[in-house]
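**Student:** sharing a model that was predicted from the sequence below.
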Amino acid sequence: MNRDFLEVFQGKLKSHRIQTKVLALEAGRNASYLSEVFTGKKSPTLEMFKGLVEAADRLSPGFADEYYLSLAGGVDMGSFIRSLGSSELSTLLILTGQRLGELSPNRQKIAA
């Protein structure tokens, strides 16, 4: 697995459907500068790159978590779930149910 931070970042931008010009606007940066960063012509400072990740997360909540997990190599969900105690597992199930309710396209119809 290639863990190049910039390639992973660009892949996550694509999967979250975040356009470079929209990211640039949200981050307060110049779109042409970001293009040069993505093509390897310029190198961002760590602070500037952190700002890009934060901007992408504002545009698509959860982006930063997914990005950092991808850099770390991801998580084996089966192992993670088997490692949980009963109270942690029940909390996970409750939160999962709540999240599924948020994602449901019929949620407003059910609540009405």
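**Tutor:** Arrived safely. This is a predicted model, so every value here is computed, not measured.
**Student:** got the buried residues for stretch 66-77?
**Tutor:** Neighbour counts over stretch 66-77 (16 or more other Cβ atoms under 10 Å) mark 66-67, 70 as buried. (C-beta placed from N, C-alpha, C; glycine too.)
**Student:** now do stretch 13-20
**Tutor:** Neighbour-count burial for stretch 13-20, counted by 16+ other Cβ under 10 Å, picks out 13, 16, 18, 20.
**Student:** what's the answer for stretch 4-15, then?
**Tutor:** With burial defined by 16+ other Cβ under 10 Å, the residues of stretch 4-15 counted as buried are 8-9, 12-13.
**Student:** which among the residues you listed gets closest to residue 92?
**Tutor:** Comparing the buried residues of stretch 4-15 against residue 92 with Cβ to Cβ places residue 12 closest, at 23.8 Å.
**Student:** quick check: phi and psi at that closest one.
**Tutor:** Per-residue torsions, residue 12: phi -70, psi -40 (degrees, to the nearest 10).
**Student:** so where's this protein uncertain?
**Tutor:** For the chain, applying pLDDT under 70 flags the ranges 1-3, 74-75, 105-112.
**Student:** which residue ranges of it form helices?
**Tutor:** 5-15, 20-27, 31-38, 46-59, 63-72, 77-82, 86-103, 107-111 (DSSP state H).
**Student:** from the chain's centre, how far out does the third one sit?
**Tutor:** Put plainly, it is helix 31-38. For helix 31-38, the separation from the chain centroid amounts to 20 Å (computed by Cα atoms, centre = their mean, to the nearest Å).
**Student:** which parts of it are buried?
**Tutor:** Neighbour-count burial for helix 31-38 [16+ other Cβ under 10 Å]: 34, 37-38.
**Student:** which one of those residues is nearest to residue 54?
**Tutor:** residue 34 (14.3 Å).
**Student:** who touches the closest one in this structure?
**Tutor:** Residue 34 makes contacts with 20, 23-24, 27, 52, as judged by Cβ atoms under 8 Å, 6 or more residues apart in numbering.
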